[in-house]
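Trainee: For reference, the sequence and a predicted model appear below.
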Amino acid sequence: MQASGTAGWLRVASDGGVVLSLHIQPGAKQTGFAGLHGEAMKIRLAAPPVDGKANAALCAFLAQFCGVPKSAVTLVSGETSRAKRVRIDAPQSAVVDKLRALG
């Protein structure tokens, strides 16, 4: 189910978690959101795409941004790809408004 008022990159799971479709650019100068890339939210990561460092940095960045523990953020798909799906296990109201403001 897509959260109302958002693009397809932000979906609410049937159990209340949030699933994000992301396009990742590892090895950037700094970590941050970079707008939409097709139907995905683009995130630039300063971490290199080596030994899972970019994936760990992505989960830590999203946890900090959403105000949830790192353990609440899990990579659903795209471990070795720039196209990733990430799940945030937190009450919908706690994260959707923050993410909706991005686009």
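Mentor: Here it is on my side, so go on. Numbers count the residues shown, from 1 in each chain.
Trainee: Now for the nearest residue to residue 16 once chain neighbours are set aside: which residues touch it?
Mentor: Using C-beta to C-beta, 6 or more residues apart in numbering and skipping the chain neighbours, the partner closest in space to residue 16 is residue 92 (5.5 Å). Backbone N, C-alpha and C define where each C-beta goes, glycine included. Counting by C-beta atoms under 8 Å, 6 or more residues apart in numbering, residue 92 touches 3, 12, 16-18.
Trainee: and the least confident of those residues?
Mentor: The lowest pLDDT within the contacts of residue 92 belongs to residue 3, with 45.
Trainee: Which of the residues in the lengthiest strand in the chain are classified as buried?
Mentor: Secondary structure of the chain per DSSP state E: the longest strand is strand 18-25. Of all the residues in strand 18-25, those buried under the rule 16 or more other C-beta atoms under 10 Å are 18-24.
Trainee: Adding distance to residue 52, write the residues you listed out as a markdown table.
Mentor: Below are those laid out as a markdown table (distance: C-beta to C-beta, whole Å):
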| residue | distance to residue 52 |
| --- | --- |
| 18 | 22 |
| 19 | 20 |
| 20 | 18 |
| 21 | 20 |
| 22 | 16 |
| 23 | 18 |
| 24 | 12 |
